[in-house]
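Enquirer: Fold the following for me, if possible:
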Amino acid sequence: ITWLGEIWPGQPMRWEIQADDSGRRDEADPEPGWSTRFSLELPQLGEVGADMAIGAGGIPLNLEARTRQAAELMRAAAHELVESLAAAGVTAPQLQITCHDGAS
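Expert: As a prediction, the model looks like this:
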């Protein structure tokens, strides 16, 4: 599924969702998971993308910024994101933030 629209007025977003049959399933978790990706342009961060694999073990997050400055801002606030997800009952066993140029 691909959705193109406005996440809030004046804020376009592209969101893709698909069944995750990548072989990450094991005998303890036989249910298929879901992979999702979205990208949007934020006022202070610029273009940002996120990849997530949703399954019983939580949601590993891979975030990508277009600039190193935006990636640094995202890293500085990463603990707040993890805490907010935990408060909502979502485990983020992995959080990786990279820059568009491939820098980690």
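Enquirer: drop to CA atoms for contacts and neighbour counts, all remaining ones
Expert: Will do.
Enquirer: measure the closest residue to Gly33 other than its chain neighbours to Gln94 for me?
Expert: Spatial nearest neighbour of Gly33, chain neighbours left out: Gly55 (4.6 Å); criterion: Cα to Cα, 6 or more residues apart in numbering. Distance, Gly55 to Gln94, using Cα to Cα, to the nearest Å: 13 Å.
Enquirer: next one: Glu16
Expert: Per Cα to Cα, Glu16 is found 20 Å from Gln94.
Enquirer: same check, this time on Gly10
Expert: 31 Å.
Enquirer: neighbour-wise, which of the two wins?
Expert: Between Gly10 and Gln94, Gln94 has the larger neighbour count (other Cα atoms under 10 Å), namely 12 against 8.
Enquirer: tell me which residues of the strand or helix carrying Ile54 are tucked away?
Expert: According to DSSP states H and E, Ile54 maps onto strand 46-54. Neighbour-count burial for strand 46-54 flags 47-54 (criterion: 16 or more other Cα atoms under 10 Å).
Enquirer: Thanks again, I'm all set now.
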